[in-house]
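Chemist: What would the 3D arrangement of this be:
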Amino acid sequence: MNYYSGRHRKARKQIRESNKFRLPKLKKILYLLLALFAAVFLIIWFMLGPFRFLLFKYPALSGFPFGNRQYIVLFQNNYELRPTGGFISTFGVLRFKHGLYAGIEFYDVYGEIDDHEYVEPPLVLATLLEDKNYQGYSFRDANYNPDFPLAKEDLIRFYNLIYPDEKIDGVLAADFSFLESFVGLYEPLYVEGYELTERNLFETLSAIVSDIDRRDEKALANRKNITSPLVKQLLFKSIMPWRISKVIDLAEKAFEEKHLLATFQRKRLEKAFDKRAWNGALPKSGYGDFLAVNDANYGGMKSNRYITRDVKYELEVGENKDILGNPVITATVTIRLSHEGIWNIPLSGAYTGYLRTILPVGSDIINGSDIIEETESALIIGELVSLKPGEEATYSYSYELPEYVWQGDEYRLHLHKQPGTDADSYEVVVRVPQGMSLETEGMTVRENLAFYETDLRSDQNLSFSLVEDKTSPRIVLHEITAPNEITIVFNEPISPNYASDPLLYQITDKNVANADITDSITIDSIQVDGNAVIIRTKGMKFQPNERYKVLLKEIRDTKGNIINPSPRSVTVVQEDIDFFEEPLDEEQKSSDTEGTLAPDPDISNDG
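Modeler: Next up is the predicted model:
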């Protein structure tokens, strides 16, 4: 018994001594692995910069560790502008397997993806593309919806018509402007025997695509498409560690300016990109005012390289109140399109397009067009556009904004940039009632006006709140405007409750021109017309260049602010002007007649 107990004790001792050696070694290895992981994580964290949020989204993005992901990748030619950024010239499928990059393959938009039964297009699209060769709605035109997350659903639907068993987890899109900038990082690049730079990329690719025998089906089928080898070369060069920071900066700028877009099927991933406005979603109604101008080129030319767009947005803040007690705002948007190109088919020819002006739901259109679309989140004014080189067209619409553009006591405006555009000119003008002013950041305020101008490279948010009128009304004009009629004009509307009381006025002859005649003037009636007070009198005799003192007391604007000083006096003058068609005789001249009054350059206080 003791013998076996002794052996067991000895064995346990040996195990403990062995563990004393192994455990510290295992701990060291574990610590080294953790340190290595932390170092790699920190390096990647700092390298990713604005994209570091993807570290926590990587399993959802890539399927790591046990899943797979597939994404449609679009190359949109924004020189042939479409609602989400451009005509889909090439598309690819990006694959991840078990969280690891598994490659990307590119396909022709006129190839197998087109091999499906006829699909009825939207009415506007059918009208614009009406042609004997038009084969119906297809993948290459499926970015018709200007809201990219919604266009994604149409793109996936068309893809699944041909590949029904493939699950698509999202859609990524890059436009030609991004591709040019990407090439610019590594220029010159040599692809398929061509030397490519940022400057010659468009011309070279256009020549490759268009300089063929268009009547030769074999030539059309075999024409070169160097987009695929070009992109693969760019991706290969970009994985070099010393180049990643430049690629990250380029990608961030492209997402901000909507030359890159990404929208996903997984809600949390989509929410992360939506939060940064990187998914190409239109603004939602209910959170303030917004304006989105969206243009689509369906003429087949690359004319958007030569078309300028100028947008002016005018806001008139009225005196009337809405049901929530906020001022009613009337908006007017004016869009000018100018075709600066020349006849240079197939690049710059006649431009045929569909212009959409997208407004908040609930806007009451005063002046619109024949095409009105209404969705759950927006109201759309549509316009069919036709421009030849050298022509321009202007479209203007006005509408009353819904109540919710006021968030509390603050008006909010979102200017939404269309994906694929470069820097359209935008001007915002705000007018509030005279006497009031605005508090705002980013806008220039001039009394009751505010201005904002920008070349819209990314979405912009503006806001303002009203500053109540606490200033006294100012007199800007005072004159005799007709026989026995004195008009005094203020810089803002005057309250009729005070200004129409004759007891608040006194008019006396100053006897400057003719001391022999002293008029005894009485007030017959007073009319208040907005900014103007019109005093009709009796007793004013014809005395050329005679002056009269008009004393005003307690005159107030519509906000209750009193003139300063009060009482206040101004001088009006009879000019030597004949108000009557027939010459006056001596008897008429001595009767109650009067001349016109010029404004006194020195508004004085005689009281």
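
Chemist: I figured residue 383 hits residue 373, correct?
Modeler: No: in this structure, residue 383 is not within contact of residue 373 by C-beta atoms under 8 Å, at 11.5 Å. No exception for glycine: its C-beta is placed from N, CA and C like everyone else's.

Chemist: Please identify which of those two sits among more neighbours.
Modeler: Taking other C-beta atoms under 10 Å, residue 383 and residue 373 do not tie; residue 383 has more neighbours (19 against 13).

Chemist: Now whichever strand or helix holds that one: buried residues?
Modeler: Per DSSP states H and E: residue 383 is located in strand 379-387. For strand 379-387, the neighbour count (16 or more other C-beta atoms under 10 Å) marks 379-383, 385, 387 as buried.

Chemist: and if you look at stretch 54-69?
Modeler: Under the neighbour-count criterion of 16+ other C-beta under 10 Å, stretch 54-69 has 54, 57, 60-63, 69 buried.

Chemist: What about the residues you listed, which are in strands?
Modeler: residue 69 (DSSP state E).

Chemist: rounded to a whole number, what's the mean pLDDT of stretch 485-498?
Modeler: Predicted confidence along stretch 485-498 averages 92 (mean pLDDT).

Chemist: and it, which residues are buried?
Modeler: Residues of stretch 485-498 classed as buried by neighbour count (16+ other C-beta under 10 Å): 485-495, 498.

Chemist: Give me the distance from it to the chain's centre.
Modeler: Centroid separation between stretch 485-498 and its chain, computed with C-alpha atoms, centre = their mean, to the nearest Å, is 40 Å.

Chemist: Now do the end-to-end distance for it.
Modeler: Using C-alpha to C-alpha, to the nearest Å, the end-to-end distance of stretch 485-498 comes to 19 Å.

Chemist: what comes into contact with that stretch?
Modeler: Outside stretch 485-498, the residues within contact range by C-beta atoms under 8 Å, 6 or more residues apart in numbering are 433-435, 469, 473-481, 504, 507, 528, 530-537, 548, 550, 552, 554-558, 560, 570, 572, 594, 597.

Chemist: again, only this time at 6 Å
Modeler: By C-beta atoms under 6 Å, 6 or more residues apart in numbering, the surrounding residues in contact with stretch 485-498 are 434-435, 473-478, 480-481, 528, 530-536, 554, 556-558, 572.

Chemist: Of those, just the buried ones, PyMOL syntax please.
Modeler: Remark: buried members of those, expressed as a PyMOL selection using 16+ other C-beta under 10 Å:
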select buried, resi 434+435+473+475+477+478+480+481+528+531+532+533+534+535+556+557+558+572
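
Chemist: Now go through the contacts of stretch 485-498 and say which are in strands.
Modeler: Using DSSP E, the members of these that fall in strands are 475-478, 480-481, 528, 532-536, 572.

Chemist: from these, which is closest to residue 275?
Modeler: Checking the ones in strands among the contacts of stretch 485-498 against residue 275 by C-beta to C-beta gives residue 476 as the nearest, at 50.1 Å.

Chemist: residues touching that closest one, list them.
Modeler: By C-beta under 6 Å, 6+ apart, residue 476 lies in contact with 489, 491.

Chemist: mind starting the numbering at 863 from now?
Modeler: Sounds good: first residue 863 from here, last item residue 1338.

Chemist: Low-confidence stretches in the stretch 913-1062 of the chain?
Modeler: 994-995 (pLDDT under 70).

Chemist: re earlier: which one of the buried residues of stretch 916-931 is nearest to residue 1046?
Modeler: Proximity of the buried residues of stretch 916-931 to residue 1046 (C-beta to C-beta) peaks at residue 916, which lies at 24.5 Å.

Chemist: that older thread, quick one: the buried residues of strand 1241-1249 as TSV, columns for pLDDT and distance to residue 990 too.
Modeler: Listed next are the buried residues of strand 1241-1249 as TSV, based on pLDDT from 0 to 100; distance: C-beta to C-beta, whole Å:
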residue	pLDDT	distance to residue 990
1241	96	21
1242	96	16
1243	97	17
1244	96	11
1245	96	12
1247	95	10
1249	94	14
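
Chemist: For residue 1282, state which of the residues you listed is nearest.
Modeler: Nearest to residue 1282, judged by C-beta to C-beta, of the buried residues of strand 1241-1249 is residue 1247 at 16.3 Å.

Chemist: quick one, what contacts that closest one?
Modeler: Contacts of residue 1247 by C-beta under 6 Å, 6+ apart are 1215, 1217.

Chemist: so what's the most centrally placed residue in the chain bridging to?
Modeler: Nearest residue to the geometric centre of the chain (C-alpha atoms, centre = their mean): residue 1277, 2.0 Å. On the basis of DSSP bridges, residue 1277 is bridged to residue 1153, residue 1322.

Chemist: Quick check, pLDDT for it.
Modeler: For residue 1277, the model assigns a pLDDT of 97.

Chemist: Which residue ranges of the stretch 1013-1162 of the chain form strands?
Modeler: For the stretch 1013-1162 of the chain, strands defined by DSSP state E, counting those that start in this stretch occupy the ranges 1032-1037, 1051-1053, 1056-1058, 1122-1126, 1151-1159.

Chemist: what's the closest of the ones you listed to residue 1104?
Modeler: From the strands of the stretch 1013-1162 of the chain, taking C-beta to C-beta, the stretch that ends up closest is strand 1051-1053, at 17.8 Å.

Chemist: who's in contact with that closest one?
Modeler: Contact with strand 1051-1053 is made by 1058, 1088, 1091-1092, as judged by C-beta under 6 Å, 6+ apart.

Chemist: Make CSV out of these and add neighbour count and distance to residue 1403.
Modeler: CSV is the format used below for the contacts of strand 1051-1053 (neighbours: other C-beta atoms under 10 Å; distance: C-beta to C-beta, whole Å):
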residue, neighbour count, distance to residue 1403
1058, 22, 90
1088, 18, 94
1091, 14, 97
1092, 22, 92
